[in-house]
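> Pasting a predicted model and its sequence here:
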Amino acid sequence: MTLARRKVTVFGGTGFLGQRVVQRLLERDFSVRIAARHPERIAALFPDVQLDAIPTDVNDDRSVAAAVAGVEGVVNAVSLYGESGPQTFHSVHVEAATRVARLAREAGVGRLIHVSGIGADAGSASPYIRSRGKGEKAVREAFSATTLIRPSVMFGRGDAFLIPIARMLRRLPVFPLFGRGQTQLQPAYVEDVADAIARVMQNTQSPMCYELGGPRVYTYRSLLEVIARRLDRKPFLVPMPFGLWHALASVAEMMPEPPITRNQVELMQIDNVVSLDSPGFTELQISPRSLEDALPAILGSRLN
């Protein structure tokens, strides 16, 4: 007799983190349903795997209810980094996240993992950080047993953090810093974060919140220097006041695809490191990969 595989729905399963979460869950013998706005992308991302894919709008009750029906676990990896029309930080990180949590509870789902971020704060002046904090609170109210995953800034193949920096470092002899470049960052390898989420789903006795950061804390300046050395570049790093960055970002946001947003500037004004008393990779028996170790594979292909 074959035991039925535990089924998990992953919201945002075609995204940067979500697709890795799907892969890690499959490796741990879970059955996976991907709930995504663009399910047509799934075949290209997982060409050799037959998956249960369901087109899902996280803004619609019936759509979300269908996605969580008949599963034991749910991972919400949906996130928004730039607002556009009705897609706001509040609508995605608070309203949609609450909808997923509420309907998962009503469907009898046993485990809910909600991906947030280090520094989430409902009282923050930053709309992005505030929405993350309010989202955590609302999700916990809707599904009290929610496990929160707060990763630091993530890096990996195809990321929106390290790759753009590397491209600019290759092209620019002079590189502007955010402030004096002293903001502290503890970047986490996206594959490690995905592995952590799969382990939390597998372990029914997991703590209620994990903060996931890599093995080393960098200042923004030192991070640039590490990447530049890998690229064999020696750019001149120039301090640039945050006030000027905010002004430039305000103008840039008028462009169809802004190269910088005020949200990104706000994030670079706050240290992004794990709390010393918070469970993390160690409690999940994961040795996180360092930026230096991962850089050759990530930057090995030519950067256009």
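Structure received. Numbering: from 1, shown residues only.
> Go through stretch 88-106 and flag the buried ones.
Judged by neighbour count (16 or more other Cβ atoms under 10 Å), stretch 88-106 contains these buried residues: 89-105. Placement of C-beta: from N, CA and C, glycine included.
> any chance you could map the strands in this structure?
7-11, 31-36, 52-55, 73-76, 111-115, 147-151, 154-155, 174-176, 184-185, 188-189, 209-212, 218-219, 236-238 (DSSP state E).
> What pairs with the longest one, parallel or antiparallel?
Right, the one you point to is strand 31-36. Applying DSSP bridges, strand 31-36 is found paired with strand 7-11 (parallel), strand 52-55 (parallel).
> same thing with the last one?
The strands beside strand 236-238 in its sheet (DSSP bridges) come out as strand 174-176 (parallel).
> I'd like the mean pLDDT over the partner strand, please.
Averaged over strand 174-176, pLDDT sits at 94.
> and what of stretch 96-112?
Mean predicted lDDT for stretch 96-112 stands at 97.
> Do me a favour and get the end-to-end distance for it?
End-to-end distance of stretch 96-112 (Cα to Cα, to the nearest Å): 14 Å.
> from the chain's centre, how far out does it sit?
20 Å (Cα atoms, centre = their mean, to the nearest Å).
> got the residue ranges for the helices in the stretch 1-150 of the chain?
Along the stretch 1-150 of the chain, counting by DSSP state H, counting those that start in this stretch, helices occupy 18-27, 42-45, 61-68, 89-90, 97-106, 127-142.
> Include distance to residue 289 when you put these into CSV, please.
Conversion of the helices of the stretch 1-150 of the chain to CSV gives the following (distance: least, Cβ to Cβ, whole Å):
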stretch, distance to residue 289
helix 18-27, 13
helix 42-45, 22
helix 61-68, 32
helix 89-90, 30
helix 97-106, 28
helix 127-142, 25
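> lowest-confidence stretch among these?
Among the helices of the stretch 1-150 of the chain, helix 42-45 scores lowest, with a mean of 84.
> Which residues does the helix or strand bottoming out on mean pLDDT in the chain contact?
Using mean pLDDT, DSSP states H and E, the weakest-scoring helix or strand in the chain turns out to be helix 42-45, at a mean of 84. Contacts of helix 42-45 from elsewhere in the structure, counted by Cβ atoms under 8 Å, 6 or more residues apart in numbering, are 13-14, 19, 34, 36, 51, 53.
> which stretches of the chain aren't confidently modelled?
1-4, 301-304 (pLDDT under 70).
> Domain ranges for it, per the record?
Using automatic domain parsing, the domains assigned to the chain come out as 7-151, 155-187+214-273+286-304.
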